[in-house]
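S.K.: With the sequence up front, the predicted model follows.
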Amino acid sequence: MSWNPFRKSPRDPEFDREIAFHIDELTRAGIAQGLSPEEARRRAILEFGGREQVKQQVREVHTSPLLETLAFNFRAALRFLRRSPSFSAAVILTLALGIGANSAVFSAIDAVVLRPLPYPNGDQLVQINQHDTRNRDANTSVAPQRLEDWNRMSSTFSGISGYYTDDLSEISGPLPERLTMALVAPRFLDVLEVPPVLGRNFTRDEFHFGGPAAVIISNHLWQRRFAGDPAILTKKLRFGAYSWSIVGVMPASFAFPNRDIDLWAPSPPDAPYAQRRDATWFTVFGRMKSGVTFAHAQADMATVQSRLGQQFPKPDADLTVQSAPLKETIVSEVRDSLWLLYGSVTLLLLIACSNIAALLLARTADREHEISIRFSLGASRRAIVGQLLTEVFALALLGSLLGLAIAAGATRAFHLLANTLPRASEINLNPTIVLYSLLCAVATTLLCGLFPALRGTRRDLAHSLAQTGRTQTSARNPLQWFLVAVQVTLAVTLLTGAGLLLRSLQQLSRVHPGFDPSHVLTFQISGSWGETADMPALNRRIDSTLDTIRTIPGVQSAATSAILPGIPSLYQVEFNLDGSLDPNRKILADNRWVSWGYFDTTAIPLLQGEACRRGGPPSDVLVNRAFASLYLSGAALGHNIAAAAYNDFSTKGQIRGVVGDAREAGLNLAPVPTVYSCYSAPTPFPNFLVRTHGDPMAMAETIRRSIHQIDPARSVYAMMPLEQHLDEAYSGNRLRTVLLALFAATAVSLASIGLYGTLNYLGRMRQREVGVRLALGAARSRIVTQFLFQGLRVTLIGCVAGLALSLATGRLIAGMLYGVSPLDPITYIAVLVLILAVATAASLFPAWRAARVDPVQILRQE
Amino acid sequence: MAPTEKTDLLQGTLDMLILKIVALGPVHGYGISQRIRQISKEVLNVQQGSLYPALHRLEKRGWLSAEWGDSENGREAKFYKLSAKGRRQLAQEEASWNRLSEAVELILGAAQQEA
C-alpha cells in the first residue's frame, strides 16, 4: 500500500512561500542591523527554528486527526485481512448472510408494517364497518344512506366515503376481457387526497342519479388499452349498452382498494335503488380531522350510530360501528408472520455474531505476541483496541455490502413469491434499508469485536513478551464455551419454532376436509350488480349456464356457490327456528349459498331428505350434521328456519335435507354448524364448480368456448382447479414455514460450526498437555471421549436453555399453529435428538484429532 | 539578535493577541511577530512554531481571512485580515480576559494587604 502519512498536502507550496517571506524579512532586518548578508541569513534560519516541524504542525491544523487515524486503521485492517483470506471470507460470508437476511425481512417490515399508507397523511385514514349485533363475523358493508348519514353527522371526520367493486366485460377483443370497476361514494378521492394525474375528479352532478356518466381510469388501463394516449380525455368507454366519458387518469402508484381496479365510477346516493337502509354495499373509510385521536373518532362514531338507532330503529338499532386504522385492515393478517420472520433472522444474526466472536477470541489469543510488541513499543490500549475493532468493522462493512446485494435480490423475490402479501409492490431497496444494514454492521462490530478486543489487550498480556513463542493460553476458556452454548440455545429456539410450524402443516395435510377438492375446476363469469334488479332473470341466466356446462362431455356435475369450499371465510349468522327466538340460546351458523348440484360436485354426502333442486324455490334450506345434532338433536327435517336479522336477501325457509360435515369455512377449522340456502345466483358472479372425469384443466378451454357461444358478451376468468385455490389460500403458511425451516437449518449449521471450531482450537491449545499425558500412558480413546463430552456437555446446557426459551416464546406462535400445542412433546424430543446428533458429529472429528498428537514431537519441543 | 526572555503565554492567549494585532489592519505573519515584540516592549517573543499553526487555525475557523498581496518593500506576502466572526470572537476574548485579570489583581492585592 503506497499510503504515506507524511505525504505533502496541496497547501505546502503556499506555506513554503509564506515561510520564505518571513525568513527574507528576518534577513533584511539583520542586514539593517549591520550583519553581513550570509550571517544575517544564517541567523534568520536559526531563529525561525525547525522549518519541517512548523510545516508539520501547520499541516495538522488542516487535517482532522480522527479521520486520519480511522483511515490509517482501515488500511491497516484491510492489509491484515488480506493476509488471512480464508478467515476473512468465512466471516464476511457469515455476516453477509446474517445481515442480508435481516435487511431483507426488515425491508418487508418497513414497507408493509412501518411505513404509512402511500396517501397524504395516510395515518388519518380509518376503515369504518357496521356490525349487526345479532350476527357474528358476517357482512360488514354499509348501506349508501347510512354512509351519507355518517358523513353528515360525524364531527371527527373531515370526510367519509366508500366503494364496492363490480365486474365489466369489455367486448372489443376476440374474447371478452374482464375489467374491474370500483363504484365509489361521493368524496372518494377527496378523502384519499389523491388527485388524478390527468383530467379531473368527479363533479357533484356526476354523483346525481341520471347525471353524466363518467369514469376515471387506472394508469395501467390507460397504458394497456390506450397506449398512454394523451388525448384520452376526449374518449368514451363502451360496455354493452352503456357508455362512459373518461374524465381522468389516476397516477400509477394509486391502487385503492387494490391493484386489480381498472376504473372508478360514481355511485349516486340518490338513486332509487340506493334508499334501503338494510342494503349492504360499501366498504367505508374516512379521514379523521387532524389532531383527532383514533379513540376519539371511535367514540364519535358510536354516538352517531346510536342517534341513528333512535331515528331508524329498524335496522339501525341493531347495528354498531367498528373501526380500525385503514393500514391495520390491510396489513394485520401478515404482520405477525413478518415479525416472526424478523425475530428469526435476528436470532440468526446473533448466532452469526457469537460465532464470529468465538473465532476472533481464538485469533486474538494467537496474536498475543504481536499485541504485546505493540504495547511495548508504546501503543496505548485504546489505540490497539481501536485497531482490532477496525479490523472487525472492515469485515462487517464488507459483509453488509454483500448483504445488501442479497437483500436487493430478496426484495425482487418478495414481489414474485409473495403476491398475496399486501403492499408487496412497495417493498424496495431504499436509503432506509441501506442505513439499516450499515447500522447492522456497526452493531455486529461491537457485538462480535468489542469483547475479544478488550480481552485480547488486557495489560498483563504484556508480560507474555518475556516468554518464548510458546503459547500459554488457559485451556479452560469458559467464555468460548459460553458463546457456543448461546449459539446452541438460539438454534434450538429457532428449530423448535420451525418444527412446530412443520408439524402444523403436516396435521393440516392429514385433515380429511369432508369434501373432495380433486377433479374440480372453478371459475367465474363476469356479471354486474345491476342484474340484481331482476333476480329471477339472473337466476335463470346462471341456471341455464349450468345446464350448458353439464352437457359438455367429460363434465360430471356443475354448481355455483357464493364462496369456494375450504377457502377461509366464516359468515356466521344468527337464526331462529320455527319462528321462535330463544334469548338464552343463540343459534349461530355459517350461512352458505349454493346451487343445485353443489353436493354432488363437492362430494359432500346427503344424509337425509333431498338436496337443492333445479328451479326450486329459494326457501329450500339444508343443514349439516353438526347443525342438526347441536340445535335440533338430529331431527332437522321439516323445521322452519330464518335469519334473525331478516331482510329480502336473508335466508328463510324449510329444512329439506341434512348433509355431512365438511371443513368448508377453512381446512384449519373443525366443521361448524352450517345452513345452506339453495340459490344459484347469490351474486351476479358466483363461483362455478365443475367436477370433471379427467384432469380439470384439460377441460378449461372447452368450457370457456361453450360459455362464449351462449353468452359472447361475458368473460370467463380466474379459471383454476379447486385444489390450486386451496393451495394458494394456505401458501402464506407454507412460505412462512419454509422460510423459518431454512433459517433454523442455517442456525443449526452455524452453531455446529461454532462447536467444531471451538473444540478444534481447544485441541490445538492443549496439544502439550495431551502429549504429556499420552507419554505417561493415557489411552487415546479416553482423550477422545473427554473432548467429546466437553462438547456434548455444552450442547446439553444450550439445549436446556433453548427449550426453556422455546417454552417461554411458544405463546408467540401459538396463533399460527394448527393441531399442535406450542408444548408439543414430539417436536421437543425431535429437536433434542437432532441437535445432539449434529453436535456429536461436529465434535467427533476435533476430538479425534486432539488425541492424535505425537508425544515424541511434543516432548522434543519442551 | 539577542534572544529575548522567554515568557510562556497562557493557553489561548496567543490567539487573542493575534486577533488584536490583525484588528489594527491587514498584516503578514512576520509583521505580527514583530508587532507583538515591539508593543510588549520585547517581553513577548512568539515562536514561529506557534505563530504559523495558530494563524492557520484561526483562518480555518473563519476568524481570519487571508490573501496574497505586496509587502511594504514590494515582496509578495500573505496578509491576514480580521473577519466579522473574528471581530466578535476578539470582543468576547477581551471581555473575558479583562474579567480574569481583574480577578487575579484583586487576589494579588488582597494577598499583599495580608502580608
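M.R.: Arrived safely, thanks for sending.

S.K.: Skipping adjacent residues, who's closest to residue A:335 in space?
M.R.: residue A:113 (5.3 Å; C-beta to C-beta, 6 or more residues apart in numbering or on different chains). Heads up, the C-betas are built off the backbone N, CA and C, glycines and all.

S.K.: quick check, that neighbour in a strand?
M.R.: No: counting by DSSP: H, G, I helix; E, B strand; the rest coil, residue A:113 is located in no strand; its state is helix.

S.K.: Give me the neighbour count for it.
M.R.: Under the neighbour criterion other C-beta atoms under 10 Å in any protein chain shown, residue A:113 is assigned a count of 16.

S.K.: ok, so what distance separates it from residue A:303?
M.R.: For residue A:113, the distance to residue A:303 equals 31 Å [C-beta to C-beta, to the nearest Å].

S.K.: same thing with residue A:187?
M.R.: 21 Å.

S.K.: neighbour count winner among those two?
M.R.: residue A:187 (20 against 15).

S.K.: what's the longest helix in the chain?
M.R.: The chain I'm using is chain A. Taking DSSP state H as the criterion, chain A has its longest helix at helix A:326-366.

S.K.: I was after chain B.
M.R.: Longest helix in chain B, counting by DSSP H: helix B:84-114.

S.K.: May I see the buried residues of that one?
M.R.: Burial within helix B:84-114, assessed by neighbour count using 16 or more other C-beta atoms under 10 Å in any protein chain shown, is assigned to B:86, B:89, B:90, B:93.

S.K.: Nearest to residue A:329, out of those residues: which one, please.
M.R.: residue B:89 (59.8 Å; C-beta to C-beta).

S.K.: For the nearest residue to the closest one once chain neighbours are set aside, grab phi and psi.
M.R.: In space, not counting the residues next to it along the chain, residue B:89 is nearest to residue B:63; the distance is 5.2 Å by C-beta to C-beta, 6+ apart. With angles defined as degrees, to the nearest 10, residue B:63 sits at phi -80, psi -30.

S.K.: Tally up the residues packed near residue A:32, please.
M.R.: 9.

S.K.: One more: the one 4 residues further on?
M.R.: Counted with other C-beta under 10 Å, residues neighbouring residue A:36 total 10.

S.K.: From chain B, how far out is it?
M.R.: Relative to chain B, residue A:36 is positioned 14 Å away (C-beta to the nearest C-beta, to the nearest Å).

S.K.: how about that residue, phi and psi?
M.R.: Torsion angles, degrees, to the nearest 10, at residue A:36: phi -70, psi 150.

S.K.: Determine which residue lies closest to the centroid of chain B.
M.R.: Nearest to the geometric centre of chain B sits residue B:17, at 1.8 Å (C-alpha atoms, centre = their mean).

S.K.: Make sure I have this right: that residue is in a helix.
M.R.: Yes: under three-state DSSP, residue B:17 sits within a helix.

S.K.: Touching, it and residue B:36? I think so.
M.R.: Yes: using C-beta atoms under 8 Å as the test, residue B:17 is close enough to residue B:36 to be in contact (5.9 Å).

S.K.: what do these two both touch?
M.R.: Common neighbours of residue B:17 and residue B:36, counting by C-beta atoms under 8 Å, 6 or more residues apart in numbering or on different chains, are B:44, B:46.

S.K.: re the thing from before, for the longest helix of chain A, what is the average pLDDT?
M.R.: When pLDDT is averaged along helix A:326-366, the result is 83.

S.K.: Show me what counts as buried in the helix or strand that comes right after it.
M.R.: As assigned by DSSP states H and E, the chain's next helix or strand after helix A:326-366 is helix A:368-376. By neighbour count on 16+ other C-beta under 10 Å, the buried set for helix A:368-376 is A:368, A:371, A:372, A:374, A:375.

S.K.: JSON lines for those residues, including distance to chain B?
M.R.: Formatted as JSON lines, the buried residues of helix A:368-376 follow (distance: C-beta to the nearest C-beta, whole Å):
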{"residue": "A:368", "distance to chain B": "40"}
{"residue": "A:371", "distance to chain B": "34"}
{"residue": "A:372", "distance to chain B": "36"}
{"residue": "A:374", "distance to chain B": "29"}
{"residue": "A:375", "distance to chain B": "31"}
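
S.K.: For the stretch 1-150 of chain A, give me the ranges with low pLDDT.
M.R.: A:1-11, A:63-68, A:135-139 (pLDDT under 70).

S.K.: and it, which residues reach chain B?
M.R.: Proximity of the stretch 1-150 of chain A to chain B is confined to A:14-15, A:17-19, A:21-22, A:24-26, A:28, A:30, A:33, A:43, A:47-50, A:53-54, A:57-58, A:60-62 under the rule C-beta under 8 Å from any C-beta of the partner chain.

S.K.: Please convert the buried members of those into ChimeraX selection syntax.
M.R.: Buried residues among these (16+ other C-beta under 10 Å), as a ChimeraX selection:
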select /A:15,18,19,21,22,24,25,26,28,30,43,47,48,54,57,58,61
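
S.K.: Among the residues of the stretch 1-150 of chain A next to chain B, which ones are in helices?
M.R.: A:14-15, A:17-19, A:21-22, A:24-26, A:28, A:30, A:43, A:47-48, A:53-54, A:57-58, A:60-62.

S.K.: Give me the distance between residue A:775 and chain B.
M.R.: 66 Å.

S.K.: How about that residue, nearest residue that isn't a chain neighbour?
M.R.: Spatial nearest neighbour of residue A:775, excluding adjacent residues (C-beta to C-beta, 6+ apart): residue A:855 at 4.0 Å.

S.K.: so who does that neighbour touch?
M.R.: Counted by C-beta under 8 Å, 6+ apart, residue A:855 has contacts A:771, A:772, A:774, A:775.

S.K.: helices or strands next to the host helix or strand of residue A:575 in the packing?
M.R.: Counting by DSSP H and E, the element that carries residue A:575 is strand A:572-577. Secondary-structure packing of strand A:572-577 (3 or more C-beta pairs under 8 Å, 6 or more residues apart in numbering or on different chains; DSSP states H and E): strand A:587-594, strand A:640-643.

S.K.: packing partners for the next helix or strand after the first one?
M.R.: Think strand A:587-594. The helix or strand immediately downstream of strand A:587-594 is helix A:598-602, counting by DSSP H and E. Judged by 3+ C-beta pairs under 8 Å, 6+ apart, helix A:598-602 is in contact with strand A:555-561, strand A:687-692.

S.K.: The stretch 151-300 of chain A: helices as residue ranges?
M.R.: For the stretch 151-300 of chain A, applying DSSP state H, counting those that start in this stretch gives helices covering A:188-192, A:219-226, A:294-311.
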